[in-house]
Structure formats: C-alpha cells, structure tokens
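Asks: Here is the input, now give the coordinates:
(one chain, ligands or ions: 1)
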Amino acid sequence: MSIKIEHLNYVYSEGTAYEKHALKDICLEIPHGEFVGIIGHTGSGKSTLIQHLNGLIKGTSGAIYYNGENIYQDGYDMRALRSQVGLVFQYPEHQLFEIDVLTDVCFGPKNQGLSQQECEARALEALKLVGLKEKYYKSSPFELSGGQKRRVAIAGVLAMRPKVLVLDEPTAGLDPKGRDEILDQIAYLHKESDLTVILVSHSMEDVANYAERIIVMNKGQVMYDDAPHNVFKHYKKLEQIGLAAPQITYIMHQLKEDGLDVDENIINLEEAKESILKSLGR
Ligand code: ADP
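Replies: Below is the predicted model:
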C-alpha cells in the first residue's frame, strides 16, 4: 500500500501568457502508515502537489500510482481514490456548506452511497475523533470558531474512513492551544488508526514535532526528502529559500558555541531538555 509519484510535472495555464511550471519532475514514494511533513516557501508547489494525490489536478506529464495502480489509466475509479485519500483544504470554509455540522460531516459517507443510519454513525464517530463538543453538532458550521471549523472539515474527511489524510496548513491562523490540540489529535489518529498522514505546514516546529519524514519543496522541485534531523542539518540552505530550522535548533547551536557540550542537531524541546541536562551531568 503506497503512493508512488513518477516524474510528475504540472503546468498551469499551459500555452498562455500566464503559464507556470508549478511541479517539475517530482518522484516520491510514500509508504502506507507514514507521517510526512511537506514544507516550502509560498509558491513552491506544495498545494499543487497534494491536489494531485486524490486526482483533483491531473499531472501534465508523469504518473501517480496508488497501491500499484496508475490513477491516470483509463477506467480508474477516481471516486474510490477520493474516499481513500482524503484532502483537508487550507481554508475549511471551502469544504463546509451544509446547514449544520452533523449534516456536513455526513456528506462524504452519503456520497459513498451509505445508508442514512450508517452516515450518521460514521459522522458521530468522526466528530468524536476530532474532539468537537456535542453541543455544536446542530450548529451551522459557519458560526464556529476557526479551530472548530477545522475540526469539522477534518471530521468530514475522516467520516469516509480514508487510508490517507492530507492536510494543507491545518493549523494556520489558530492560537497555540488550538494548534497543539489539532496536531495531537492527528498524531493520535495516525497511531491508532494506522492512517498515512501528509501534513503541509509553514511551521518548522510542527513538522519537527510530528513528522517522521520531511519533504522540502523549492520552486516546484523536491529539494530534500529525509528524516527531520537530516533535513534540519541543512538549515543554512533552508534559510536561503526562506525556511529555517526549528527555533530550538538555533538555541542548541548557540549553547554549543558558548561551550556547553550539547548536541546541536536537536529539533524539539524534549530532546533539548535531555541533552542540556546530560551536558550538566544531571
Ligand atoms: P504553495 O502551496 O507552496 O504556496 P502552490 O502550489 O499554491 O504553492 O503554487 C505553486 C506555483 O503555481 C506558484 O507559482 C503559484 O503562483 C502557481 N499557481 C498556483 N495556483 C495557480 C493557478 N490556479 N493558476 C496559475 N498559477 C497558479
């Protein structure tokens, strides 16, 4: 079970004055069950790339295989693909439209042809998973806060029981508490439901804390594709393309320079605490 991308290119508005080669020769394989972070400067191609994963955008050239089958072959069941590869958009407003939260979350399973009873059971299960309080189930999705809207949008995708959850900036605009809650919930789902998670994020901290692999996009190409520690070792190169290492990595470099015997390639607080205490002999 995997997603395999082979020499994928995508050109917006080909042959016009607005032509833009947004993806250039992308080759990637994402095995089932991985938690992958995708980072990159605005305009580097992240959103374009993830919209290919469930066939929303069709590559100008190249191929995508889902579980070994080329999704561009004649007769491929795109509907089935869309229920297995769930995409949560950057702006939850774009995928919320029903009169109340429960009806909204039922939309996906209903499209899958399930009975009303089964749709509601799935929707209730998904709303529980994302931790939305029951008192909101009959509210209009548009009356909710930003964080709650995100939860509903994620629940709407989870209700289809996807195998792959793709999230475009799920924490943008949220306060730190809302951000941690959403990401913890996603990490929990990844672990408990054996879900592949592909997380597009602007936050180096978020990907350092949660992803087991990071793909760095730059100008439509994959610049790095490696374990988080290895990617952030290139922080000087990342800075040149408008990214950075997590803040804690800079602090560790400074501590090392100041003479403390710490590991400077550390990317999260937990590791930093351990390394500092060790260097102090505690
Ligand atoms: P990111 O998600 O990393 O910000 P995008 O995938 O949105 O990057 O954009 C990649 C490139 O494609 C950018 O140069 C962007 O301006 C261009 N682009 C994105 N959407 C469109 C579109 N609908 N029409 C034309 N160009 C687009």
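
Asks: what's the burial count for the nearest residue to C106 once chain neighbours are set aside?
Replies: Among residues not flanking C106 along the chain, C119 sits closest, at 4.3 Å (CB to CB, 6 or more residues apart in numbering). Glycine gets a C-beta too; all of them are placed from N, C-alpha and C. By other CB atoms under 10 Å, 22 other residues sit near C119.

Asks: same question, the one 4 residues further on
Replies: The number of residues packed around A123, counting by other CB under 10 Å, is 25.

Asks: And K163, by the same measure?
Replies: 18.

Asks: OK, contacts around it?
Replies: Applying CB atoms under 8 Å, 6 or more residues apart in numbering, we find K163 in contact with 1, 32, 84-85, 195-196.

Asks: Lowest-confidence entry in the residues you listed?
Replies: Here the lowest pLDDT out of the contacts of K163 sits on M1, with 71.

Asks: list the contacts for the nearest residue to that one once chain neighbours are set aside?
Replies: Leaving aside its chain neighbours, M1 sits nearest to H32 (3.6 Å; criterion: CB to CB, 6+ apart). Applying CB under 8 Å, 6+ apart, we find H32 in contact with 1-2, 163, 194, 196.

Asks: Which helix or strand contains M223?
Replies: Using DSSP states H and E, M223 sits within strand 221-226.

Asks: ignore the last one, E125
Replies: Using DSSP H and E, E125 sits in helix 116-129.

Asks: Against which helices or strands is that helix packed?
Replies: helix 101-111, helix 146-158 (3 or more CB pairs under 8 Å, 6 or more residues apart in numbering; DSSP states H and E).

Asks: Now the phi/psi pair for whatever residue of the stretch 51-200 of the chain ends up closest to the ligand, please.
Replies: Nearest residue of the stretch 51-200 of the chain to the ligand: V200, at 6.9 Å (CB to the nearest ligand atom). In terms of degrees, to the nearest 10, the main-chain angles of V200 are phi -90, psi 130.
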